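Visitor: Turn this into a model:
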Amino acid sequence: MATTIEGEERVLATAQHIVKSLRTSKDVTDDMLSILSSFDNRLSNITDLINNTSSSGNKVDMSDELSHEVSRFESAERLILRRDSASNHFWEDYPDDSCEYLASIDEILRLMEDLEFKGNAEIMDRAECAVQMAMSKLEDEFRYILLRNTVPLDAEQLYCSIRRVSLSFVANEGDIIEDFENFGEHDGESGSKHCYHERGGSLGGDIRVDLINHAVIADLREIAERMIRAGYEKECCQVYSSVRRDILDECLAILGVEKLSIEEVQRIEWTAFDEKMKKWVQAVKIVVKVLLIGEKRLCEQIFDGSESIKEVCFTETAKACVMQLLNFGEAVSIGKRSSEKLFRILDMYHALADALPELHALFSDESRERVCSEVKGVLDGLREAAKGTFKEFEKAVKGESSSKPLHGGGIHPLARYVMNYVKLIVDYGETLNSILASDAEEEDHPQGDVGDARMEMSPIGRRLMLLMNSLESNLDEKAKLYDDIALQHVFLMNNKLYIVQKVKDSELGKLLGDEWVKRRRGLVRKNETNYLRASWSKVLACLKDEGIGGSSGNAPKMALKERFKNFNVCFEEIYRIQTAWNVPDPQLRAELKISISEKLIPAYRLFLGRFANQLESVRHAGKYIKYTEEDLECYLADLFEGTPVLHPMRRKNP
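Guide: Numbers count the residues shown, from 1 in each chain. So this is what the prediction gives:
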């Protein structure tokens, strides 16, 4: 027994000497410990000696179980220290190393939770230091993986996914939206530049866009789990949010949404501003319905184990992007109001209102209240901007006072502009109804035939009826700019028929009703009758018997000469003037010619039949009886073509 004890003491003394000599190389010490321990279980207490020699030099009592835990700790610590000294990123290139690294972290975190292990302050300090180094390394790897595996946004693909909801083209013209003050500047000129507006589209179908390589999500989740378990969730959230926030900023830039102050937005000239508003509408749809949903899904995948951290990371990532969009919306809402902005403002309002439920679902708790409150504030501003812009347009139509009559009595640019504008307004009927509903009691009451129908109409229907009344009143005033009464009626015929056709061929007809259309058609007929009376009464008076005297067989030749001469002069004057008049609608133009022919030709035929033979013997009879019935028919065909005749009239059928 004594010999055995002496042998153990000699072995322990030898081990002590080995450890002392190897203090400068802890790795070799640990390896030697492993070798010696494998020879004889009687050396199990050597761990106490190792700890005693490597720290304070005092012997520490440890159980076999604790000794084993310390050994595992130091092995894990060693791996973490080795990786901490390496500068390269290893996660994706050396997957086995990353698994071993995570296992080491798990081991230390597990040991730190052990009550007996916690009792050793010196070991706990080393463990905390190792965890701190490991978390710093994980933070770097987390950031590196997020950045390296970002997938660029394919904006073109997303734009192609936005299907057109409405492309409302005015027949052969397009929907002309330009500055109201310059609405007639280029009318009729070739190459004039107009802005054609198209309704904002919506995303077709479910679109999923992953802005990160899906293969690395599992790695990111593994890292996040360790950081959260170690109490480094704040650092993990900060890294994640800062990287993903920058990526969303880049996405906004790709989508054409810049970081601009309110002052910068309001200084942008109209063409560029219109394009920015259009891109903003598309960006709202893409950001909310595609990108943020993708970000929410990514947060759920990476931070699956913690609801609170998941929400914090998403909120911190997304809110800056949302606020940048809202800042532009606010700048638009408080900007200068002009008619051409209305439809873009309505597009913006509709897109943002449509996105609100999605935003409400994406965010939670306080962040939801804050974001939704900001969105509602911008919506209120856009609503007021739309209402104010619409009212300004109504005032502009009512007060437009151009004093130069339109050549030829054709369709006035004001009528074209307003009707094109109104057709687009109808496309936004649902949105405008919600915007204008609160103003229903404040509207002016329409006068005349629309008053009774007003109560049965929607808010937008009532406002459009008022607008149409203002347009018609303005056109009535513009008709008075013509000195020729007949041309006044041609002008009114052209413009009222144009209005009726635009109403009838669009949803506007449903809003204003059949009775409104019927009344306007009646006004067109009335103007046609007034035109015939004002223009052709004098000509037809030349073909009456009154004032000639005698019977058809012996009427005074001088009176007949004068009557034929007067007829020729009146007809030629009308022909010279009215060939330059313009009736654009082919059906109305044909109807006018038929109406004139039905009145003129029979009267001329009868007059010619009764009195022409009495002038056959008169010298130069052709000076008086210049035209046949067929000649008159041919000349009538030239009327209202907008092409003045420069050559003298002569018989077309010699």
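
Visitor: quick one: the helices in the stretch 201-350 of the chain?
Guide: 217-229, 233-254, 262-266, 270-286, 292-302, 307-333, 342-362 (DSSP state H, counting those that start in this stretch).

Visitor: what do you get for the stretch 551-654 of the chain?
Guide: Listed in chain order, the helices of the stretch 551-654 of the chain (DSSP H, counting those that start in this stretch) span residues 557-578, 586-611, 629-636.

Visitor: Out of those helices, the one nearest G622 is which?
Guide: helix 557-578 (10.6 Å; C-beta to C-beta). C-beta coordinates here come from the backbone N, C-alpha and C atoms, glycine included.

Visitor: What is that closest one packed up against?
Guide: Here helix 557-578 touches helix 514-541, helix 586-611, helix 629-636, going by 3 or more C-beta pairs under 8 Å, 6 or more residues apart in numbering; DSSP states H and E.

Visitor: For those helices, give me CSV that also has mean pLDDT, mean neighbour count and distance to S136.
Guide: As requested, the helices and strands packed on helix 557-578 are exported to CSV (pLDDT from 0 to 100; neighbours: other C-beta atoms under 10 Å; distance: least, C-beta to C-beta, whole Å):
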stretch, mean pLDDT, mean neighbour count, distance to S136
helix 514-541, 95, 16, 76
helix 586-611, 94, 16, 82
helix 629-636, 94, 16, 96
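
Visitor: closest one to N568 among those helices?
Guide: Taking these one by one with C-beta to C-beta, helix 514-541 is closest: 9.9 Å.

Visitor: between the closest one and helix 557-578, how big is the angle?
Guide: 140 degrees (axes from the mean of the first three to the mean of the last three C-alpha atoms, to 10 degrees).

Visitor: Next SSE downstream of the lowest-mean-pLDDT helix or strand in the chain?
Guide: Ranked by mean pLDDT, DSSP states H and E, the weakest helix or strand in the chain is helix 46-54, scoring a mean of 41. Using DSSP states H and E, the helix or strand that follows helix 46-54 towards the C-terminus is helix 64-85.

Visitor: Let's test this: mean pLDDT of that following helix, rounded?
Guide: Mean pLDDT, helix 64-85: 77.

Visitor: just stretch 346-359 next, same as before
Guide: pLDDT averaged over stretch 346-359 gives 95.

Visitor: contacting residues around the closest residue in space to L406 that isn't next to it in sequence?
Guide: Closest residue to L406 apart from its sequence neighbours, by C-beta to C-beta, 6 or more residues apart in numbering: H412 at 5.4 Å. Contact analysis of H412 by C-beta atoms under 8 Å, 6 or more residues apart in numbering lists G184, L406, L475, K478, F491, N495.

Visitor: Now with 10 Å, please.
Guide: Residues counted as contacts of H412 (C-beta atoms under 10 Å, 6 or more residues apart in numbering) are 184, 187, 400, 402, 405-406, 418, 471, 474-475, 478-479, 491, 494-495, 498.

Visitor: tell me the least confident of those residues?
Guide: Model confidence across these bottoms out at D187, which has 46.

Visitor: picking that back up, mind putting the helices of the stretch 201-350 of the chain into a markdown table with distance to E546?
Guide: Output for the helices of the stretch 201-350 of the chain, formatted as a markdown table (distance: least, C-beta to C-beta, whole Å):
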| stretch | distance to E546 |
| --- | --- |
| helix 217-229 | 101 |
| helix 233-254 | 84 |
| helix 262-266 | 73 |
| helix 270-286 | 64 |
| helix 292-302 | 87 |
| helix 307-333 | 71 |
| helix 342-362 | 60 |
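
Visitor: Tell me which of those lies nearest to A541.
Guide: Once these are compared by C-beta to C-beta, helix 342-362 is nearest, at 52.5 Å.

Visitor: Restrict that closest one to CA atoms and write it as PDB.
Guide: Extracted C-alpha coordinates of helix 342-362, given in PDB (Å, rounded to 0.1, in the frame of the first residue of the first chain):
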ATOM      1  CA  LEU A 342     -55.500  66.200 -60.200                       C
ATOM      2  CA  PHE A 343     -55.200  62.700 -61.700                       C
ATOM      3  CA  ARG A 344     -51.800  62.100 -60.300                       C
ATOM      4  CA  ILE A 345     -53.000  63.200 -56.900                       C
ATOM      5  CA  LEU A 346     -56.000  60.800 -57.200                       C
ATOM      6  CA  ASP A 347     -53.700  58.000 -58.300                       C
ATOM      7  CA  MET A 348     -51.500  58.700 -55.200                       C
ATOM      8  CA  TYR A 349     -54.500  58.900 -52.900                       C
ATOM      9  CA  HIS A 350     -55.900  55.600 -54.300                       C
ATOM     10  CA  ALA A 351     -52.600  53.800 -54.100                       C
ATOM     11  CA  LEU A 352     -52.000  54.900 -50.500                       C
ATOM     12  CA  ALA A 353     -55.500  54.200 -49.400                       C
ATOM     13  CA  ASP A 354     -55.300  50.800 -50.900                       C
ATOM     14  CA  ALA A 355     -52.000  50.100 -49.100                       C
ATOM     15  CA  LEU A 356     -53.300  51.200 -45.700                       C
ATOM     16  CA  PRO A 357     -54.900  47.800 -44.800                       C
ATOM     17  CA  GLU A 358     -51.600  46.100 -45.800                       C
ATOM     18  CA  LEU A 359     -49.600  48.400 -43.600                       C
ATOM     19  CA  HIS A 360     -52.000  47.900 -40.800                       C
ATOM     20  CA  ALA A 361     -51.400  44.100 -41.000                       C
ATOM     21  CA  LEU A 362     -47.600  44.300 -41.500                       C
END
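
Visitor: quick one, it and helix 307-333 angle?
Guide: Using the same axes, to 10 degrees, helix 342-362 lies at 170 degrees relative to helix 307-333.

Visitor: helices or strands next to helix 342-362 in the packing?
Guide: strand 202-203, helix 270-286, helix 292-302, helix 307-333, helix 365-399, helix 413-427, helix 429-436 (3 or more C-beta pairs under 10 Å, 6 or more residues apart in numbering; DSSP states H and E).

Visitor: Name the stretch among these that sits most buried.
Guide: helix 413-427 (a mean of 22; mean count of other C-beta atoms under 10 Å).

Visitor: Can you give the distance from that helix to the centre of its chain?
Guide: 21 Å (C-alpha atoms, centre = their mean, to the nearest Å).

Visitor: Identify the residues contacting E374.
Guide: Neighbouring residues of E374 by C-beta under 10 Å, 6+ apart: K319, V322, M323, L326, N327, G329, E330, L359.

Visitor: at 8 Å what do you get?
Guide: For E374, the contact set (C-beta under 8 Å, 6+ apart) comprises V322, M323, L326.
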